[in-house]
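Trainee: Dropping the sequence and predicted coords here.
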Amino acid sequence: MKVGIIGAGNIGTNAAKLFVAAGHEVVVSNSRGPETLSDLVEEIGGAVRAVTIEEAADFGEVVLEAIPFGSYRELPADHLAGKIVVDASNYYPGRDGEIDLDGITSAELLARHLSGSRVIKAFNTMYYETLASEGRTDAPVEDRLVLFVSGDDEEAKGIVSDLIEEVGFAPVDTGPLKASAKQEPGSPVYNNPMSPQRAREMLADN
């Protein structure tokens, strides 16, 4: 599968490494331009290239965005139309400034901006070092750590869930995109490594 990465920080970089290791063709991008990513591309190796944000959006069948949430309006909605967009961003008011969420989740606000995209919330709950080192492709899914997934498009959610399994984690569905509040900073499951069974128990209790 062709995967585009927008944002080459800790989450975007480690997700790119995992996707390349799983055999996918990956491009990475950031706000500073592809020339600033040459060292990262060399480090990752394999089927990865550095491109512009717009090129990453055009390239990916799935596009993972991992930028500071305060910059979500900079994502190119026209280039991302029709694409599965994985929202790995988190809203931190101290970093991103006060943003009027209009009573909805940050993922739903992103989906408003990307109205032509199939937005799935995932890859946002796990600390980047855990993401980098704790994937277990050789273990049964029930013995792996969880990455939570929410979204309104069941087909897209299934594709993202398959990607999560391919990189060694266990997808657990929190529900529609409005349920992504269960994945946000401050929630019981956020940055809390756990098994699928424990995840389902915690979701049932909250």
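Mentor: Yep, it's here.
Trainee: now the helices: where do they sit in this protein?
Mentor: Here the chain has its helices, by DSSP state H, at 10-21, 38-44, 53-59, 77-80, 93-96, 106-113, 128-133, 154-166, 196-205.
Trainee: Now tabulate those helices in CSV and tack on distance to Ser31 and mean neighbour count.
Mentor: Every residue, glycine included, has its C-beta placed from N, CA and C. CSV is the format used below for these (distance: least, C-beta to C-beta, whole Å; neighbours: other C-beta atoms under 10 Å):
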stretch, distance to Ser31, mean neighbour count
helix 10-21, 11, 22
helix 38-44, 14, 14
helix 53-59, 7, 21
helix 77-80, 15, 18
helix 93-96, 15, 11
helix 106-113, 16, 20
helix 128-133, 19, 15
helix 154-166, 24, 18
helix 196-205, 33, 14
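Trainee: Kindly reformat those as a markdown table containing distance to Ser71.
Mentor: Shown next, in a markdown table, are the helices of the chain (distance: least, C-beta to C-beta, whole Å):
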| stretch | distance to Ser71 |
| --- | --- |
| helix 10-21 | 13 |
| helix 38-44 | 19 |
| helix 53-59 | 11 |
| helix 77-80 | 13 |
| helix 93-96 | 8 |
| helix 106-113 | 11 |
| helix 128-133 | 18 |
| helix 154-166 | 22 |
| helix 196-205 | 30 |
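Trainee: Which one, of those helices, ends up nearest to Val86?
Mentor: helix 154-166 (5.8 Å; C-beta to C-beta).
Trainee: Let me know the angle separating the closest one from helix 10-21.
Mentor: Inter-element angle recorded for helix 154-166 and helix 10-21: 80 degrees (by axes from the mean of the first three to the mean of the last three C-alpha atoms, to 10 degrees).
Trainee: List of residues touching helix 154-166?
Mentor: 1, 3, 19, 22, 62, 84, 86, 118, 120, 122-123, 137, 141, 147, 149-151, 170-171, 173 (C-beta atoms under 8 Å, 6 or more residues apart in numbering).
Trainee: for Pro93, what are its contacts?
Mentor: Ile99.
Trainee: coming back round to it: for Gln183, find the nearest of the helices of the chain.
Mentor: Judging the helices of the chain by C-beta to C-beta, what sits closest to Gln183 is helix 106-113, at 8.2 Å.
Trainee: The helices of the chain: which one's closest to Ser29?
Mentor: helix 53-59 (4.0 Å).
Trainee: For that closest one, name the packing helices and strands.
Mentor: strand 2-6, strand 25-29, helix 77-80 (3 or more C-beta pairs under 8 Å, 6 or more residues apart in numbering; DSSP states H and E).
Trainee: What residues sit buried inside the first one?
Mentor: Neighbour-count burial for strand 2-6, counted by 16 or more other C-beta atoms under 10 Å, picks out 3-6.
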